[in-house]
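Undergrad: Sequence first, predicted coordinates after that:
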Amino acid sequence: MNIQKPLRAFALVLLGTLPAGAADFSDPSWPCIQRKVERLSIGLMWQHPIPEDPAAAALSADAAALADSLSLRRVDPEDLRPRVEAFAARHGNGADVMGRVFRHSFDSLSKRRTRIVAGIGELSSSQIALAGQIDETRLELDRQMALDSPDFDRVDILEERLDWDQVIYTDRQKSIAYLCETPQIIERRLFAIGQLLETFVDEPQ
């Protein structure tokens, strides 16, 4: 069996720099520390060619079922090693066979990750707009309080709006901090899946 790990992919995952499309820090709506990578590349996570021709129906269904289990967030991929071993016993240890399983997992998890990245951008854009609204409310409140005879009814409305918007802004920031970790969690899971499947790939003769 080939038990060597693709160290380059491992390093890329740990650094959060898996490139597949545009990846830079120039997007003002991107709030995360790690760079924005909208889509992952399967070629950087699985070192073997994956045949483009469709698999036999039985293999395809079996591979999809295994991949679905490997993609479950609450299941450690290593806990599924016996199931992968049973799959290999039925279908062989070829890189193309294990590659089909990885492709199913990759397609599922990368689509989920793409939706999360898009959601982070949308939430961040909302935060930018809300921050502008908070600034405008503060300015209007300052103008009111600078008057000789402030409209205290208006002041009450502005203060209530400011308090509410600040609560919403703070809560959203906490959500963004959590969401920013999620794409990397998915990347690490895909790497772990690839490493597990790799241990069942026979070295070419």
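TA: Noted; the coordinates are in hand. Worth saying up front: this structure is predicted, and the values here are computed from it rather than measured. Numbers count the residues shown, from 1 in each chain.

Undergrad: If you rank every helix and strand of this structure by mean pLDDT, what lands last?
TA: helix 7-15 (a mean of 35; mean pLDDT, DSSP states H and E).

Undergrad: Would you check the distance separating the helix or strand following that helix from the middle of the chain?
TA: With elements assigned by DSSP states H and E, the helix or strand that comes after helix 7-15 is helix 57-70. Here the centre of helix 57-70 is set off from its chain's centre by 22 Å, with CA atoms, centre = their mean, to the nearest Å.

Undergrad: Stretch 67-80 too?
TA: Counting by CA atoms, centre = their mean, stretch 67-80 comes out at 16 Å from the chain centroid.

Undergrad: go on, stretch 68-87?
TA: On CA atoms, centre = their mean, the centre of stretch 68-87 falls 20 Å from that of its chain.

Undergrad: measure that stretch end to end?
TA: Chord length of stretch 68-87, first to last residue, is 13 Å (CA to CA, to the nearest Å).

Undergrad: Now that stretch: average pLDDT?
TA: Mean pLDDT, stretch 68-87: 92.

Undergrad: For that stretch, buried residues please.
TA: For stretch 68-87, the neighbour count (16 or more other CB atoms under 10 Å) marks 70-71, 77, 80, 84, 87 as buried. (Each C-beta comes from the backbone N, C-alpha and C, glycine too.)

Undergrad: most remote residue from the chain's center?
TA: Within the chain, Asp148 marks the point farthest from the mean C-alpha position, 53.8 Å out by CA atoms, centre = their mean.

Undergrad: Can you list phi and psi of it for me?
TA: phi -60, psi -40 (degrees, to the nearest 10).

Undergrad: How much space separates it from Ile116?
TA: 52 Å (CB to CB, to the nearest Å).

Undergrad: before we move on, what about Ala65?
TA: Distance from Ala65 to Ile116, by CB to CB: 24 Å.

Undergrad: coming back round to it: which of the buried residues of stretch 68-87 sit farthest apart?
TA: Across these, the longest distance by CB to CB is 14.6 Å; it joins Ser71 and Phe87.

Undergrad: Identify the residues contacting the spatially closest residue to Asp151 that is not a sequence neighbour.
TA: Excluding the flanking residues, the one nearest Asp151 by CB to CB, 6 or more residues apart in numbering is Gln144, at 6.1 Å. The contact partners of Gln144, taken as CB atoms under 8 Å, 6 or more residues apart in numbering, are 150-151, 154-155, 158.
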